[in-house]
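I would like to see how this sequence folds:
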Amino acid sequence: MKHSLRALYIALFASLSFLFVSPICDAQPKPRARNLGIPFDGAPGRFNAITDVGGVEVGFTTLISGDGKLVGGKGPIRTGVTAIFPQGRSFRRRVFAAWHTLNGNGEMTGTTWVEESGGLGTPVVITNTHSVGVVRDAVIEWNAKRGTGEGYSGDFSLPLVAETWDGFLNDINGFHVKKEHVFQALDTAKSGPVAEGNVGGGTGMITQGFKGGTGTSSRVLAQDEGGYTVGALVQANYGRRDLLRIAGVPAGQEIRDLMPERGKLNDGAGSIIVVIATDAPLLPHQLKRLVKRVSLAVGVMGGRGEDSSGDIFIAFSTANPEASKIEGTAQLTMLPNERINPLFRATVNATEESIVNALVAAETMKGINWKHSPRAPARTPERGVGS
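Below you'll find the predicted structure:
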């Protein structure tokens, strides 16, 4: 069985070679892990994306320019912004939410109010580590210009802005993300298929020694389990190569070439932000239980929540429209705890596939000072099956 799993891995990633080196029209979608035959548990939704949860919209701004030597403040630039709306750009109400951190060497603003209130009233926006401040301020300005509220409001004055570090490839101290880039990501958010790989906030990110970035997936529960949908979106920038596992196979140990440079790329440094959406009627304490399960998916892939990793996750439910009611009493529904296990499994499965989708979609990228991060291998590993 061990040898057959290794053979499966090598065959699957050998097939990537054909897909990446063959001429592909720009209009054609990038390959995704499931399309290559990599086995995953659970049934995906129509788009196999977080947008399979009704109302969820995603927008990107991708910033790529310049090559060669780092010139501080001028590039090269490899960064961007990702925006996720729980209920679309016309979002005017609160949804139940909860957050969790596996390791806290990272940032997600606004989580104190999420913890206190059990609600989320803003989009979730992801960028690079040194752009959190400008992105946070831009989200507030965007909300204010749209008349979302007047005066102080925890629902829009305390937005959720998260980060992972792209300074290996990007001129991160050049502060190239501006408020207009945030506005663009927010204004272009839409439902349907979601771009993956080197896009948005994930543009300059690296995952377990390969080029990583943005990935997404979804799961639809069986009707006897409620028929609910769980969607995940990741900005993956974490982990060691030797710990990488694909569908349970120790893929990182099979690949002895295409190694990253020594240092931060190979010691587990980095971070991962995960956004979980569901239409299941979960209350905040149940979403807290749900979002903790994201850690299991990171572990399945080979992440260990290393000391310098920022592994931060947010989950929200689009059910219970009266969660934002401000007068009288709110009429709420709640899934019994005894029926929550399928949602736990869906969360783990969708997160795992999202990470693999980020790896499959990402392309080799060269950044500052000619540093580069290789994509998932485009040829069969040198070591033979079972050797």
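
Just want the phi and psi numbers for the residue of the chain most remote from its centre.
In the chain, counting by C-alpha atoms, centre = their mean, residue 328 sits farthest out from the average C-alpha position, at 37.4 Å. With angles defined as degrees, to the nearest 10, residue 328 sits at phi 70, psi -150.

So it versus residue 96, what's the distance?
Separation of residue 328 from residue 96 (C-beta to C-beta, to the nearest Å) stands at 18 Å. In this view, the C-beta of every residue, glycine as well, is placed from N, C-alpha and C.

Okay, now the unreliable bits of the stretch 51-200 of the chain?
The model of the stretch 51-200 of the chain has pLDDT under 70 over residues 92, 148-152.

For the nearest residue to residue 91 once chain neighbours are set aside, which residues are in contact?
In space, and not counting its chain neighbours, residue 91 is closest to residue 85: 5.3 Å by C-beta to C-beta, 6 or more residues apart in numbering. Residues in contact with residue 85 (C-beta atoms under 8 Å, 6 or more residues apart in numbering) are 55-59, 91, 123, 189.

any idea how far residue 123 is from residue 183?
Applying C-beta to C-beta to residue 123 and residue 183 gives a distance of 12 Å.

I'd assumed residue 96 was in contact with residue 314.
No - at 11.7 Å, residue 314 does not count as touching residue 96 under the criterion of C-beta atoms under 8 Å.

chain center to whichever strand or helix holds residue 218: distance?
Taking DSSP states H and E as the definition, residue 218 sits inside strand 213-220. Its chain's C-alpha centre and that of strand 213-220 lie 8 Å apart, by C-alpha atoms, centre = their mean, to the nearest Å.

Now do whatever helix or strand comes next after that strand against strand 213-220, angle only.
Remark: after strand 213-220, the chain's next helix or strand is strand 229-237, criterion DSSP H and E. Angle, strand 229-237 to strand 213-220, by axes from the mean of the first three to the mean of the last three C-alpha atoms, to 10 degrees: 160 degrees.

Now do residue 351 against residue 321, distance only.
26 Å.

The two: who's more crowded?
Set side by side, residue 351 and residue 321 show more neighbours around residue 351, with 31 against 14, by other C-beta atoms under 10 Å.

Might you report the residue contacts of the more buried one?
Contact partners of residue 351, counting by C-beta under 8 Å, 6+ apart, are 217, 232, 234, 274, 276, 294, 297-298.

all helices in the stretch 251-387 of the chain, in order from the N-terminus.
Assigned by DSSP state H, counting those that start in this stretch, the helices in the stretch 251-387 of the chain fall at 251-254, 284-292, 294-301, 341-361.

picking that back up, so what sits against both of residue 314 and residue 96?
residue 120.

so the spatially most central residue of the chain bridges to which residues?
For the chain, the residue nearest the mean C-alpha position is residue 234 (1.0 Å; C-alpha atoms, centre = their mean). Counting by DSSP bridges, residue 234 forms beta bridges with residue 215, residue 274.
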